Each structure stands twice: as structure tokens, then as C-alpha cells.
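**Q** with the input below, show me the fold.
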Amino acid sequence: MNEFWTFAGQYWWLAFPIFGMTMGAINARVRHREVTARRRHREQLELLKAQGAVSATAPVAAVTPSAGELGGAQGRVVAAQDEVTHRWLEYELDATKLITYPAMSDGRQPLTAAFLRAKKAADKLRPDEGETLSPERLKEYRDAVTDYEVAFDVAERDARRVKDAAFTPDERKRLDTAKQLLIVATDQAATPNERQLAYRRVREELDGLILLSDEAVDVLEKKVALELPRQRTAPPSETAPGSAA
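**A** As a prediction, the model looks like this:
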């Protein structure tokens with residue numbers, strides 16, 4: 001340790017050149033990084049300028065879909081809309097589903113109201129029979145159908161989640177009774193009188209709770225009105241009446 005301090009005392013002046021060399025090395029490294037960063041920045045600017053020049057001078061090829069391509073795309077959008085509508089009608093026309101998931105027919109529910117608005121928008125943009133939409137109108141129609149699909153999926157998931165939670169316990173009992181009576185009303189093993197009585201009870205239980213659409217009532221009444229299979233009668237005699245034995 002004494003030797004170090006003796007050396008330092010004799011050669012203290014070496015500290016200045018060593019310090020200068022160290023700072024020079026640090027400054028050189030910093031300058032190198034700055035030069036590298038500026039070069040990369042300049043190269044990026046030149047690349048952007050070159051891309052801009054190409055975009056400004058290169059001709060843009062307008063791609064116009066053929067009538068067949070437009071018709072095929074339009075047909076797929078129409079089919080997608082029809083599929084959602086079919087899924088909705090399964091609730092709208094099936095009294096049992098309507099009782100089980102009442103939110104699907106309740107326009108006061110925000111998600112159901114949003115779905116019905118999306119359906120109206122898609123119906124408004126739907127092409128007439130034999131009409132081919134322009135690319136612009138087809139895009140607008142496709143966007144509307146997509147909104148329709150999404151809105152229905154959201155409303156359906158929520159309706160299946162909440163079920164009859166919006167009703168009081170007594171109202172839920174009435175809904176359960178109506179579902180049980182529906183089984184009797186549409187059971188061909190029951191007599192016509194039993195089916196008619198069960199059907200009237202269904203309407204009474206649902207009164208003030210769920211409003212069946214006219215279409216749902218028509219479908220239900222047709223099921224209720226089905227007659228029991230008639231018993232086969234004996235085949236007529238091969239011998240005509242009045243003929244000689």
C-alpha cells in the first residue's frame with residue numbers, strides 16, 4: 001500500500017493524460033452513436049421520400065369486380081341475413097322458446113331493441129329480387145348484415161343468460177305452468193277437447209306477461225287443431241250390395 005502512494009506521489013501528473021484519454025474515448029463513443037443514429041434517420045427519410053415518389057408516379061390500376069363476382073358476393077350476404085332471420089323466427093314463432101327466453105321478444109330490453117334496429121337497417125338495404133347492387137351499396141349492405149348478426153348474437157346470449165329473471169316468483173310460476181300446458185295443447189295423444197282447454201289456459205297464464213305475436217298464435221293454433229289419427233275402417237266387401245250370393 002505504501003508503494004502505491006509512493007508511486008502516486010511521484011507520478012501524479014499522469015492522472016491528467018489518463019483522464020483525457022478516458023474522456024476522449026467516451027466522447028468518441030457518444031459521437032459514434034450520434035452519427036449512427038443520424039445516418040439511420042436520414043436513410044429512413046430517404047426511404048419514405050422514395051416510397052412517396054413511387055406512390056405519386058405509379059399508375060393505380062382500378063379493379064372492377066365482374067357482374068358474376070358481385071352477384072356471388074351479394075348472394076352470400078343475402079344468405080347470411082336469411083340465416084339470422086331464421087334463427088330469430090325460431091323464437092318468434094315457437095311459443096315454448098318464447099316463454100323460456102322472453103327477452104328475445106321484449107323490445108324494452110336494450111339489447112333486443114338494438115337487434116331489432118339492426119334488423120330494420122339490414123332489411124332496408126336488402127336488394128330486391130333480381131337486383132344487383134353496386135360495389136358501394138353492396139359494402140353498405142354487408143356492413144349492415146354484419147351488425148345484424150352481431151346484435152342478434154349478443155341479444156341471444158343475454159336472453160339465454162337471464163331467462164325469466166325479470167319476472168317475480170309468482171310470474172315465473174305462471175310461465176312454468178304455461179310451458180307444461182303447452183305440452184298438453186300440442187300432444188296428439190290428448191283429445192281435441194283436452195288440447196283446446198290446455199290452449200286456453202296457456203293464453204290465460206301468459207296474459208299480461210308475454211305477448212305472443214300473431215304469427216306465433218297462428219302456428220300454435222294449427223298445432224292445437226290437429227285431429228287425432230282416424231281409425232282405419234274395414235275395407236268394403238268385394239261383393240257389391242244387392243248382387244246374388
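
**Q** not counting its neighbours along the chain, what's nearest Pro102?
**A** Ranked by Cβ to Cβ, 6 or more residues apart in numbering and with sequence neighbours excluded, the top spatial neighbour of Pro102 is Ile210, at 5.3 Å. The C-beta positions use only the backbone N, C-alpha and C, and glycine is treated the same way.

**Q** for that neighbour, which residues are in contact?
**A** Counting by Cβ atoms under 8 Å, 6 or more residues apart in numbering, Ile210 makes contact with 98-99, 102, 105, 175.

**Q** tell me the SS of the closest residue to Ala190 other than its chain neighbours?
**A** Among residues not flanking Ala190 along the chain, Val184 sits closest, at 5.5 Å (Cβ to Cβ, 6+ apart). Classification of Val184 by DSSP: H, G, I helix; E, B strand; the rest coil places it in helix.

**Q** what residues sit buried inside the helix or strand in which Ala155 is found?
**A** Take DSSP states H and E as the rule and Ala155 turns out to sit in helix 135-162. Buried residues in helix 135-162, counted by 16 or more other Cβ atoms under 10 Å: 138, 141-142, 144-145, 147-149, 151-152, 155-156, 158-159.

**Q** repeat that for stretch 197-209.
**A** By 16+ other Cβ under 10 Å, the buried positions in stretch 197-209 come out as 198-199, 201-202, 205-206, 209.

**Q** surely Val77 touches Ala144?
**A** No - applying Cβ atoms under 8 Å as the test, Val77 and Ala144 come out as separate, 9.1 Å apart.

**Q** helix or strand with the lowest mean pLDDT in this protein?
**A** helix 15-57 (a mean of 48; mean pLDDT, DSSP states H and E).

**Q** now the element after that one, going C-ward?
**A** Reading on from helix 15-57 to the C-terminus, the next helix or strand found by DSSP H and E is helix 67-93.

**Q** packing partners for the helix or strand following that following helix?
**A** Using DSSP H and E, the helix or strand that follows helix 67-93 in sequence is helix 95-100. Applying 3 or more Cβ pairs under 8 Å, 6 or more residues apart in numbering; DSSP states H and E, one finds that helix 95-100 contacts helix 67-93, helix 169-185, helix 214-224.

**Q** could you redo the last one with a cut-off of 10 Å?
**A** On a contact count with 3 or more Cβ pairs under 10 Å, 6 or more residues apart in numbering; DSSP states H and E, helix 95-100 meets helix 67-93, helix 135-162, helix 169-185, helix 192-206, helix 214-224.

**Q** how big is the angle separating the third one from helix 192-206?
**A** Calculated by axes from the mean of the first three to the mean of the last three Cα atoms, to 10 degrees, helix 169-185 forms an angle of 160 degrees with helix 192-206.

**Q** could you do the first one as well?
**A** Taking the same axes, to 10 degrees, one finds that helix 67-93 is oriented at 90 degrees with respect to helix 192-206.

**Q** just the buried residues of helix 67-93, please?
**A** Per 16+ other Cβ under 10 Å, helix 67-93 contains these buried residues: 70, 73-74, 77, 80-81, 84-85, 88, 91-93.
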